[in-house]
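Q: My questions are about this predicted structure, shown below with the sequence.
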Amino acid sequence: MAKIAVYLADFNPIHVGHLEFALKARDKYCLDKVYFLPERNLQDGEYYVHLGHRVSMLKQALKPYPKFNILESDYRVFDLNKTLPKIRQKFSSDQLFLLMDLKTYSRFKLIKNKAFMLGFFHIVIGLTSRLELQQLKDNSDKQLDIIFNKNLAINNQVQSALFKNKFTEAGLLKSVIKYSLINWLYVSLDN
């Protein structure tokens, strides 16, 4: 039985915070594989990167990590009532971990048969602050594992930097910058 983690996030785009969280989880739980599952259609946020580009950037960023891979979903958004059973079915003989941030975890409130489904998964939440920890404790009905990673909070900075061609912004991955420059994804209209 392998230890498999599925990391649910938008990866819009992938940044150092995502990688640090996955690496900490890999080491803490001795994971055999970590699958990054990007959400197909993003629901909010000022900056939107098409799924095809996010997957390409994920491939580049994950190359140095042989235990990291990409898992794609057929669903337009994370409908956890559909996504979690598919994940469970795909890895039926493995011990499963779900990695996610607080925003993604908040969707668990809407799961049908939540107790049954969550019995199949070890839930690991990446938090950026003690304030998030308190929010989680106030709203959670399940014992969760926590990994603190302040770099998970840089998402908006990274998105803004890419779209404004400010490639010196802290948190941007070199592979994402290289991909962006080659594919002319982000063109600043301010210049």
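A: Done, it's in.

Q: Strands of this protein, start to end?
A: Secondary structure of the chain, counting by DSSP state E: strands at 3-9, 33-38, 68-70, 95-101, 121-127, 145-148.

Q: and the fourth one, which strands flank it?
A: Spelled out, that is strand 95-101. Paired strands of strand 95-101, with direction, are strand 3-9 (parallel), strand 121-127 (parallel) (DSSP bridges).

Q: can I get the strands of the chain in CSV with mean neighbour count and mean pLDDT?
A: All C-beta atoms are positioned from the backbone trio N, CA, C, and that covers glycine. Shown next, in CSV, are those (neighbours: other Cβ atoms under 10 Å; pLDDT from 0 to 100):
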stretch, mean neighbour count, mean pLDDT
strand 3-9, 22, 95
strand 33-38, 22, 96
strand 68-70, 16, 97
strand 95-101, 22, 93
strand 121-127, 20, 90
strand 145-148, 15, 88
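
Q: Could you dump those strands into TSV and include distance to residue 57?
A: Shown next, in TSV, are those (distance: least, Cβ to Cβ, whole Å):
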stretch	distance to residue 57
strand 3-9	13
strand 33-38	10
strand 68-70	11
strand 95-101	18
strand 121-127	19
strand 145-148	23
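
Q: picking that back up, could the strands paired with strand 95-101 go into CSV alongside distance to residue 75?
A: Converted to CSV, the strands paired with strand 95-101 look like this (distance: least, Cβ to Cβ, whole Å):
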stretch, distance to residue 75
strand 3-9, 12
strand 121-127, 17
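
Q: closest to residue 32 out of those?
A: Among these, the nearest to residue 32 by Cβ to Cβ is strand 3-9 (5.1 Å).

Q: between the strands paired with strand 95-101, which one is nearest to residue 74?
A: Evaluated with Cβ to Cβ, the strands paired with strand 95-101 place strand 3-9 nearest to residue 74, the distance being 14.6 Å.

Q: which outside residues touch that closest one?
A: Residues external to strand 3-9 that are found in contact with it (Cβ atoms under 8 Å, 6 or more residues apart in numbering): 18, 21-22, 25-26, 29-39, 71, 78, 83, 87, 91, 94-101, 104, 124.

Q: among the strands of the chain, which is nearest residue 49?
A: Ranking the strands of the chain by distance to residue 49, with Cβ to Cβ as the measure, places strand 33-38 first at 9.8 Å.

Q: partners of the closest one, with directions?
A: By DSSP bridges, strand 33-38 pairs with strand 3-9 (parallel), strand 68-70 (parallel).
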